[in-house]
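Q: build me a model from this:
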Amino acid sequence: MNRGWKITAAAVALAAGTAMGVLSAAAQTTLRVVMHSDLKIVDPIWTTAYITRNHGYMVYDTLFAMDEKGEIKPQMVEKYDESADKKTYTFTLREGLLWHDGKPVTADDCIASIRRWGAKDALGQKLMTFVESMTAGDDPRTFTIKLKDPTGLLIFGLGKPSSAVPFMMPKRIAETDPNTQISEFIGSGPFVFKTDEWKPGDKTVYLKFDKYKPRAEPASGLAGGKVVKVDRVEWRAISDHQQAMNALIAGEIDYMEAPKHDLLPLAKAEPNLYLVDWNPLGNQYTFRPNWLHKPFDNPKIRQALWYAFNQKDFLDAVIGDPTYYKVCKSMFVCGTQLASDKGMQGLLESNFQKARELLKEANYDGTPVLLMHSTDLDVLTNLAPVAKQLMEKAGFKVDMQSMDWQTVVARRAKKEPPGQGGWNAFMTSWVSADILNPVMTGFLNAACDKAMFGWPCDETMEKLRDDFARETDPAKQKAIAEAVQVRDTEVTTHLYLGQWYQPGASRKNVSGYLTAPAPVFWNVEKKGS
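A: Numbering: from 1, shown residues only. The predicted structure follows:
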C-alpha cells in the first residue's frame with residue numbers, strides 16, 4: 001500500500017544538509033513535540049489528514065493566509081490588483097522567495113500548484129469552475145487569473161486555512177497527478193523536511209530554513225511574519241498518552257498537541273506546564289457514509305441515521321467533560337455567522353422507532369455496514385463503537401473493523417466494494433475553520449466522481465453551493481446556507497455529531513504559540529532546557 005514513503009535521491013541529499021539554508025547540527029535549539037498522530041503520508045494535497053496539513057505548514061508556504069481575526073491577508077503575495085469588473089486579478093510575489101534547493105519561486109510554480117490543489121480540494125474544485133485562464137507575466141514574479149464570472153472564492157480560496165491547503169510547490173513537483181502522491185518534498189516555507197531522519201513510528205525532523213524571508217508584519221494566526229526562533233523541531237511518535245504526558249512533565253518533550261482530556265487536570269496541576277488554547281473555534285465530529293455501495297446507496301437508509309444518532313452519546317464517550325464539548329445541531333458551527341438549526345427539529349435525538357420505520361420503507365435487507373474504526377487517535381477511538389451501538393438499536397447490521405488512523409486515511413480513498421478492500425462508513429473530525437460555509441465544507445461536495453471519498457452525487461446540492469459562491473449579500477448567503485443544511489438532511493452527504501475543543505499542553509519555558517486553525521511552530525520560542 002502506497003503511504004507516500006518513496007524518497008528521491010535528490011530529496012534525501014537535500015534533507016541530509018547539502019541544500020542551501022540548512023543549519024549545521026551544532027548548537028541547535030530543539031523543540032520536541034508530540035503531535036496528535038504519527039506522520040506517514042506527506043503529500044498535503046493528496047490527503048486531508050490534519051497531520052499531513054500540519055507537515056505542510058512546516059515545509060510549504062501559501063499565497064494568502066488567514067489571520068487570527070479570520071481575515072485573509074497576502075502571504076507570499078506582495079500585492080495584487082483587481083479589475084473593475086472583478087474578473088481579472090494580477091498578483092506579484094514578494095522578492096527573495098526561494099525554494100529549499102536555492103532556486104527562486106516563480107509565477108509558473110504557483111500556477112501549477114493552484115491547478116493541482118484545485119483538482120483535489122472541494123473549495124478548489126468549485127473555484128476552478130470560475131477560472132477562465134491563469135497566465136504568467138513577463139516578470140517571473142507576476143501572474144494573472146481571469147475569471148468567467150465574479151466570485152468571492154478566489155482570494156478566500158487561496159488563503160484557505162486547513163484541510164487541503166493550497167501550498168505552493170516547485171512546478172516540476174506540482175505537475176504530479178493530484179491523485180498520485182508526490183515523491184520530492186521541497187517547499188519555500190520556514191522549515192526544511194529532513195528526510196534522512198524521518199522514521200515513521202519514531203520521529204519526524206525539521207530544520208530552520210535560514211534563507212526564508214518572513215513578512216515584515218507580526219505573526220497573526222497563519223498570516224504575517226513567520227519568524228522561526230528555534231533551530232530544529234522534532235515530532236516524536238508516542239502513541240501512549242500517559243507516556244507522553246510523563247515525558248512532558250519530566251522535560252523530555254516540550255509540547256503535546258492533543259493530550260487526552262482526562263489528562264488535562266494533571267497538566268493543569270503541574271507547576272512547569274500550562275494549557276495552550278490554540279484553536280478556540282474547536283472541531284466538529286462527523287459520520288461519512290459511502291454513496292457508492294449498499295446499503296448507503298439508498299437515500300432513505302442514509303436518512304435513517306439522522307434518527308438513530310444523538311450527539312451527546314458521542315461527546316460523552318470521547319470527550320467526557322462538558323467543559324470541552326458542545327451539543328450543536330448547526331452544520332456550520334455554533335457561534336459563527338452561518339450557524340442555524342434550520343431543518344433539524346426531531347433529528348439527532350435517537351428516535352429508534354422512526355429509524356426502523358425508514359429502514360423498513362427502504363426495504364433494507366440487512367446488508368452489513370462496514371464501519372472503519374480508528375483505534376490509535378484518542379479523540380476518534382470511541383466514536384465508531386458508539387455509532388455501532390446506536391445503529392444496531394435502529395435495525396442496522398454493522399461490521400466494525402478496527403485499524404489505525406493512517407490505514408483509514410489510505411482505505412477511504414478506495415472505491416472498491418467493502419468485500420474487496422472498500423468501506424461503507426467512517427468517522428472523523430473537522431477543524432471548525434474548514435466548515436464555515438457550504439463551499440469550503442469538503443463533505444458537502446456532491447459532484448459525484450469529483451467529490452471527496454464517499455462520492456455523493458446531487459445536482460441540487462451543487463446548485464446551492466454554486467449559488468453561495470456567486471452571492472455576496474450576507475443575508476442571502478445565510479438563506480442559502482440554511483437551504484444547504486435542509487438538503488443535507490434529505491440526501492445525507494454527512495452527519496455532524498457535536499463540537500469539541502482540544503487544548504495543547506506545554507512546558508512553561510516555551511512560549512509564542514499562535515491562535516490558528518492549525519498548530520504551527522514559527523514564532524515559538526524556547527528558553528533553557
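
Q: CA atoms of the top helix by length along the chain as PDB?
A: Secondary structure of the chain per DSSP state H: the longest helix is helix 474-491. Presented in PDB, the C-alpha positions along helix 474-491 are these (Å, rounded to 0.1, in the frame of the first residue of the first chain):
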ATOM      1  CA  PRO A 474     -24.700  38.200   3.800                       C
ATOM      2  CA  ALA A 475     -28.400  37.700   4.400                       C
ATOM      3  CA  LYS A 476     -28.900  35.900   1.200                       C
ATOM      4  CA  GLN A 477     -25.800  33.800   1.900                       C
ATOM      5  CA  LYS A 478     -27.400  32.800   5.300                       C
ATOM      6  CA  ALA A 479     -30.600  31.700   3.500                       C
ATOM      7  CA  ILE A 480     -28.600  29.600   1.000                       C
ATOM      8  CA  ALA A 481     -26.600  28.000   3.900                       C
ATOM      9  CA  GLU A 482     -29.900  27.100   5.600                       C
ATOM     10  CA  ALA A 483     -31.200  25.600   2.400                       C
ATOM     11  CA  VAL A 484     -27.900  23.500   2.100                       C
ATOM     12  CA  GLN A 485     -28.500  22.300   5.700                       C
ATOM     13  CA  VAL A 486     -32.000  21.200   5.000                       C
ATOM     14  CA  ARG A 487     -31.000  19.500   1.800                       C
ATOM     15  CA  ASP A 488     -28.300  17.500   3.700                       C
ATOM     16  CA  THR A 489     -31.000  16.100   6.000                       C
ATOM     17  CA  GLU A 490     -32.700  14.800   2.800                       C
ATOM     18  CA  VAL A 491     -29.700  13.300   1.000                       C
END
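
Q: quick one, strands of the stretch 251-400 of the chain?
A: 255-256, 273-276, 283-289, 325-326, 369-374, 398-403 (DSSP state E, counting those that start in this stretch).

Q: packing partners of the longest helix of the chain?
A: If contacts are counted by 3 or more C-beta pairs under 8 Å, 6 or more residues apart in numbering; DSSP states H and E, helix 474-491 sits against helix 299-308, helix 459-470. C-beta coordinates here come from the backbone N, C-alpha and C atoms, glycine included.

Q: tell me which of the ones you listed lies nearest to residue 102.
A: Counting by C-beta to C-beta, residue 102 lies closest to helix 459-470 out of the helices and strands packed on helix 474-491; the figure is 39.1 Å.

Q: next, the angle helix 474-491 makes with the closest one.
A: Between helix 459-470 and helix 474-491, the angle comes out at 160 degrees (axes from the mean of the first three to the mean of the last three C-alpha atoms, to 10 degrees).

Q: so where is this structure shaky, pLDDT-wise?
A: 1-27, 529 (pLDDT under 70).

Q: helices along the stretch 151-300 of the chain, start to end?
A: Per DSSP state H, counting those that start in this stretch, the stretch 151-300 of the chain carries helices over the ranges 153-158, 171-174, 241-250, 264-269, 299-308.

Q: what's the separation between residue 496 and residue 80?
A: Distance, residue 496 to residue 80, using C-beta to C-beta, to the nearest Å: 35 Å.

Q: whoops, residue 359 was the one
A: Distance, residue 359 to residue 80, by C-beta to C-beta: 53 Å.

Q: quick one, which of those two is more surrounded?
A: Neighbours per residue (other C-beta atoms under 10 Å) separate residue 359 from residue 80, with residue 359 holding more: 23 against 19.

Q: phi, psi of residue 396?
A: phi -80, psi 150 (degrees, to the nearest 10).

Q: oops, could you answer that again for residue 520 instead?
A: Main-chain dihedrals, residue 520, degrees, to the nearest 10: phi -130, psi 160.

Q: contact partners for the closest residue to it other than its chain neighbours?
A: Nearest non-adjacent residue to residue 520, counting by C-beta to C-beta, 6 or more residues apart in numbering: residue 57, 5.1 Å away. Residue 57 sits next to 165, 189, 222, 518, 520 when contact means C-beta atoms under 8 Å, 6 or more residues apart in numbering.

Q: just give me the neighbour total for the first one.
A: Around residue 165 sit 26 other residues, with neighbours defined as other C-beta under 10 Å.

Q: check contacts around the residue most central in space within the chain.
A: By C-alpha atoms, centre = their mean, the chain has its centre lying nearest to residue 163, at 2.4 Å. Contacts of residue 163 were listed using C-beta under 8 Å, 6+ apart, and they are 48, 50, 53, 121, 430-431, 434, 442.

Q: could you dump those to TSV with neighbour count?
A: Shown next, in TSV, are the contacts of residue 163 (neighbours: other C-beta atoms under 10 Å):
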residue	neighbour count
48	24
50	27
53	22
121	25
430	21
431	20
434	27
442	25
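
Q: can you put those residues in CSV and add secondary structure and distance to residue 327?
A: Formatted as CSV, the contacts of residue 163 follow (DSSP: H, G, I helix; E, B strand; the rest coil; distance: C-beta to C-beta, whole Å):
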residue, secondary structure, distance to residue 327
48, coil, 25
50, helix, 23
53, helix, 27
121, coil, 30
430, strand, 17
431, strand, 19
434, helix, 20
442, helix, 23
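
Q: dump those into TSV; add distance to residue 84 as well.
A: Formatted as TSV, the contacts of residue 163 follow (distance: C-beta to C-beta, whole Å):
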residue	distance to residue 84
48	37
50	40
53	36
121	29
430	37
431	36
434	33
442	33
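
Q: which single one of those is nearest to residue 181?
A: residue 48 (13.5 Å).

Q: what sits closest to that closest one if chain neighbours are left out?
A: residue 163 (4.6 Å).

Q: do the same with residue 220
A: Closest residue in space to residue 220, ignoring its immediate chain neighbours: residue 67 at 4.1 Å, by C-beta to C-beta, 6+ apart.

Q: please tell me I have it right and that neighbour contacts residue 223.
A: Yes - counting by C-beta atoms under 8 Å, residue 223 is a contact partner of residue 67 at 4.1 Å.
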